[in-house]
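Student: need a structure here:
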Amino acid sequence: MRKIVFILLLICTVSFSMAGQYRFEGSVVDENREPLSGAVLILDGQRSAVSGNDGRFTFGRITAGNYNLSVSFLGFDTYSAVINITGDVDREIQLNPRSHLTSEVVVSAYRAGLNSPVAHTNIRGEDLRRISVIDDLPFLLQMSPSLVATSETGIGVGYTGFRIRGSDPTRINVTVNGIPLNDSESQGVFWVNMPDFAGSVEEVQIQRGVGTSSHGAAAFGATVNFRTTTDAFEPFAEVASTAGSYNTFRNSVRLGTGLLNDRFSFEGRYSNLQSDGYIYNAFSDHESIYLSGTYHMNHSFLKFNVIHGDQKTGISWWGVPQEMLSVNRRYNPAGVYTDLDGNEQYYRNQTDNYIQTHYQLFYSHAFSNRTDMTAALHYTRGDGYYEQYRQNQSFANYGLPNVFIGDEEITRTDLVRQKWLGNDFYGTVFSINSQLLPNVSVSGGGGWNRYDGDHFGNIIWARHATNMEKDHEWYFNNGTKTDYNVFGKLNYRINNLNTFIDLQVRGIDYEMTGIDDNLDDLSQNHSFAFFNPKAGVFYEINPNHQSYVSLGISNREPTRTNFKDANLDPDATPLPERLYNVEAGYNFLTPSLSANVNFFYMYYQDQLVPTGEKSSVGYDIMTNVDESYRAGVEVQWAWRPLPSFRWDANFTLSRNIIRDFVETATDYDDDWNEIERVTQLGDTDIAYSPSVIAGSILTWNFFGNASLGLNSKYVGEQYFDNTSSSARQLDAYLVHNLSLKYQLKTSWSKGVEFQLMVNNLTNLKYESNAYGGNWYEQGVENTWAYYYPMAPRHLMGQMVIRF
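Tutor: Modelled structure (predicted):
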């Protein structure tokens with residue numbers, strides 16, 4: 001009897017859930033009513049479909065209501081409409097040829113498409129800026145899967161960074177409009193040099209794993225592609241002002257002319273940021289400018305962008321020593337010195353100063369509705385230095401003779417030094433996209449980029465400077481690096497199966513000449529040639545269920561620091577690294593729920609990691625380890641049970657292992673003689689790779705013009721060296737940020753928006769990052785460590801006026 005009742009209840013439940021569910025289908029055609037195959041349809045921003053060879057599409061199991069429909073296809077204007085579903089609907093959607101070529105084509109060759117077998121996340125610029133009213137890009141991106149943001153200032157501005165799946169910034173390929181952003185020598189990205197860049201971002205795509213071919217640094221864990229604001233065909237203006245804790249203030253202005261004389265459009269943004277930071281002297285004094293102008297022609301456009309950043313930031317990159325963490329979490333050792341009377345003093349100009357300007361020129365042309373190309377020239381100039389007070393420095397270390405005062409020989413002095421970097425980065429990139437057949441599309445491209453950077457140091461003051469020239473230069477070296485690549489991509493669709501092939505050849509020539517800051521000759525040359533193939537399949541089981549699998553290989557050259565630290569020891573010269581990456585996933589799509597499960601396996605050969613080894617001349621070096629891997633699962637979903645409520649969430653579970661790790665450390669005997677200690681540790685965890693990462697965004701819209709959001713981020717325990725020692729481990733943390741937004745309609749503007757944010761709602765004490773190591777005394781292990789604490793509960797508020 002119970003079984004019968006249960007079955008009846010189940011039938012009733014299913015019948016009830018199926019009631020009121022309808023079918024929305026139709027066809028996508030061109031202006032001549034010819035079917036368009038491969039058009040992308042997105043319903044309410046969550047559910048997607050692709051038109052077949054006959055132009056037909058289907059959305060099933062749709063409940064009654066109004067839905068926003070977007071339809072896009074290469075060479076045609078995007079179609080947008082509100083679809084009212086009260087029963088089954090069959091509709092013909094006609095797309096019109098583009099009246100103006102838009103700047104989306106600039107990045108289309110580098111992005112993962114809707115049916116690409118690549119783990120990726122697309123984030124609109126407006127959604128990015130909802131995460132926070134003040135933070136730099138790493139903290140705006142932190143709610144995406146497998147991403148962990150870090151800060152040296154204790155808040156989300158200043159020196160910030162992020163890791164994806166544990167991969168550090170030097171292993172993440174970053175582009176802006178398809179142009180490489182990674183520094184050629186360090187391969188990292190310094191977001192402090194691009195303040196408030198998020199204010200000019202239209203969209204960002206994060207590809208996890210090897211991803212698709214792009215320009216610049218190797219995608220050795222992830223790729224992040226930024227597209228700046230597209231051309232607005234209507235004039236606009238926006239004024240924003242932000243204020244909050246730690247004397248944080250930011251003001252910005254955005255202006256756009258709209259389309260002038262059916263040919264020209266211009267846009268600009270200016271931002272100014274001031275903040276004391278949470279950590280002592282971790283202040284930020286930043287300015288940024290974004291300018292863009294476009295000349296529109298019938299089937300092409302010419303576009304010029306300028307991205308300028310000017311930053312002065314208090315140095316806090318040393319972190320807080322572990323012995324001070326429980327005493328004063330805001331303590332900053334950078335700039336601390338002892339005067340002649342034995343009193344502790346602080347050098348106020350312990351700062352980092354840098355000006356960087358990017359120039360980008362694009363020409364895009366549509367040969368037809370199915371084929372377009374883009375060519376770009378770019379140039380970036382960077383100039384800057386960091387200034388330090390250094391105590392008790394040996395004259396010999398700066399190539400200077402000792403000083404005599406009477407009969408007394410002075411061998412050491414206090415001094416202030418500046419370490420400079422001046423560089424030029426320039427080149428060209430190009431791409432072409434073509435829909436050869438209704439079910440076949442190809443794209444290809446290439447690039448040639450050259451970096452020329454000068455590294456030098458000046459002493460601007462010394463306590464004993466009798467024999468020293470003004471601004472004495474104690475070292476100068478130069479690095480030049482040429483990076484070139486070509487790639488080709490093929491998408492071939494057979495019914496519901498899309499196959500993908502992506503082949504790239506990349507070459508690097510790197511030369512260093514001159515004297516390093518330790519007065520060693522740095523001269524060396526390195527050349528590399530890499531082949532990076534990727535392939536995969538994407539299968540649409542039905543409009544609600546999709547699956548994919550892909551395999552990719554990526555190769556990465558060592559960084560300047562890797563080569564520099566191994567200098568003068570040929571046996572220590574690092575080898576390039578190789579990554580084999582497998583991704584397999586499943587998508588589930590309904591009108592109220594979209595979900596993705598992605599499994600990944602990343603196997604490394606010769607991954608460079610710190611092991612404690614030193615070169616034959618005594619410098620710490622990175623060592624190639626034979627085998628290491630990352631394996632895990634990423635789950636993400638967006639659920640809208642009610643029109644006013646949405647829950648976006650994700651979590652990652654992973655294992656990140658170095659096989660048969662060998663630690664090398666120093667052991668001091670009773671007489672303080674150094675003895676090399678080598679320990680076989682077996683399999684250990686890769687540093688900075690938490691096994692659990694999760695994020696959640698709860699959004700409730702009410703009264704039609706107000707919203708409440710709760711953003712939560714969980715980062716599990718992570719080691720900050722490769723020994724898996726609990727003495728060198730960051731604790732797990734769960735931090736919440738609360739946001740309240742209200743939009744006011746006025747007669748004199750398009751609207752006024754107010755937003756209040758409570759960051760670290762629960763007042764949690766936690767650290768986002770750390771570094772450290774160990775040594776032994778008579779066989780007993782000791783640990784040294786520095787941490788980067790985050791600010792306790794604090795407030796930020798913003799007002800935005802739009803015209």
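
Student: Find the residue at the geometric middle of this structure.
Tutor: The C-alpha lying nearest the average C-alpha coordinate of the chain belongs to Val224 (Cα atoms, centre = their mean; 5.3 Å).

Student: Helices of the protein, start to end?
Tutor: 2-18, 125-130, 137-140, 560-565 (DSSP state H).

Student: Export only the CA atoms of the second one, formatted as CSV.
Tutor: Once non-C-alpha atoms are left out, helix 125-130 reads as follows in CSV (Å, rounded to 0.1, in the frame of the first residue of the first chain):
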residue,chain,number,x,y,z
GLY,A,125,32.2,43.9,-16.7
GLU,A,126,29.1,45.1,-14.9
ASP,A,127,28.9,41.8,-12.9
LEU,A,128,32.6,42.1,-12.1
ARG,A,129,32.1,45.6,-10.7
ARG,A,130,29.2,44.4,-8.5
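
Student: Remind me what it packs against, helices and strands.
Tutor: helix 137-140, strand 201-209 (3 or more Cβ pairs under 8 Å, 6 or more residues apart in numbering; DSSP states H and E). Yep, even glycine has a C-beta here, placed from its N, CA and C like the rest.

Student: want to try a markdown table for the ones you listed, with distance to Pro195 and mean neighbour count as columns?
Tutor: Output for the helices and strands packed on helix 125-130, formatted as a markdown table (distance: least, Cβ to Cβ, whole Å; neighbours: other Cβ atoms under 10 Å):
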| stretch | distance to Pro195 | mean neighbour count |
| --- | --- | --- |
| helix 137-140 | 10 | 24 |
| strand 201-209 | 13 | 23 |
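
Student: For Asn467, find the nearest of those.
Tutor: Closest of these to Asn467 is helix 137-140, at 45.8 Å (criterion: Cβ to Cβ).

Student: pLDDT of the closest one, averaged?
Tutor: For helix 137-140, mean pLDDT rounds to 96.

Student: so how far is Ile155 from the residue nearest to the centre of the chain?
Tutor: Going from Val224 to Ile155 by Cβ to Cβ, to the nearest Å gives 22 Å.

Student: same check, this time on Asp231
Tutor: 34 Å.

Student: Could you do Tyr354 as well?
Tutor: Taken as Cβ to Cβ, the span from Tyr354 to Ile155 is 20 Å.

Student: ok, now Arg556?
Tutor: 32 Å.

Student: try Phe395
Tutor: 40 Å.

Student: In contact with Arg655, which residues?
Tutor: 629-632, 691 (Cβ atoms under 8 Å, 6 or more residues apart in numbering).

Student: which residues pair with it across the strands?
Tutor: On the basis of DSSP bridges, Arg655 is bridged to Ala631.

Student: how close does it get to Val715?
Tutor: 16 Å.

Student: Now do the contacts for the nearest residue to His365 once chain neighbours are set aside.
Tutor: Distances taken as Cβ to Cβ, 6 or more residues apart in numbering place Ser300 nearest to His365, at 3.9 Å, with adjacent residues excluded. The contact partners of Ser300, by Cβ under 8 Å, 6+ apart, come to 101, 363-366.

Student: Over to Ser434?
Tutor: With Cβ under 8 Å, 6+ apart, Ser434 has these contacts: 370-372, 441-443.

Student: and which of these is nearest to Tyr159?
Tutor: Out of the contacts of Ser434, the member with the shortest distance to Tyr159 (by Cβ to Cβ) is Ser443, at 36.5 Å.

Student: Now the terminal residues of stretch 225-236, how far apart.
Tutor: End-to-end distance for stretch 225-236: 26 Å, by Cα to Cα, to the nearest Å.

Student: now stretch 209-220
Tutor: One end of stretch 209-220 sits 7 Å from the other (Cα to Cα).

Student: list the buried ones in that stretch?
Tutor: Residues 209-220 are the ones in stretch 209-220 that count as buried (16 or more other Cβ atoms under 10 Å).

Student: Repeat that for stretch 58-76.
Tutor: So, applying 16+ other Cβ under 10 Å, buried residues of stretch 58-76: 59-60, 62, 67, 69, 71-76.

Student: just stretch 478-497 next, same as before
Tutor: Quick answer for stretch 478-497 (16+ other Cβ under 10 Å): 478-493.

Student: Put the alpha carbons of it into CSV.
Tutor: What follows is stretch 478-497, C-alpha atoms only, in CSV (Å, rounded to 0.1, in the frame of the first residue of the first chain):
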residue,chain,number,x,y,z
ASN,A,478,69.7,44.4,-20.0
GLY,A,479,67.3,41.8,-21.0
THR,A,480,65.8,41.3,-24.5
LYS,A,481,63.2,38.7,-25.3
THR,A,482,61.5,37.9,-28.6
ASP,A,483,58.4,35.8,-28.5
TYR,A,484,56.7,34.7,-31.7
ASN,A,485,53.8,32.2,-32.4
VAL,A,486,51.4,31.0,-35.0
PHE,A,487,48.2,29.0,-34.4
GLY,A,488,45.3,27.5,-36.2
LYS,A,489,41.9,26.3,-34.9
LEU,A,490,39.2,24.1,-36.5
ASN,A,491,35.6,23.6,-35.3
TYR,A,492,33.8,20.9,-37.2
ARG,A,493,30.2,20.2,-36.3
ILE,A,494,28.4,16.9,-37.2
ASN,A,495,24.8,17.1,-35.9
ASN,A,496,25.1,17.4,-32.1
LEU,A,497,28.9,16.7,-32.0
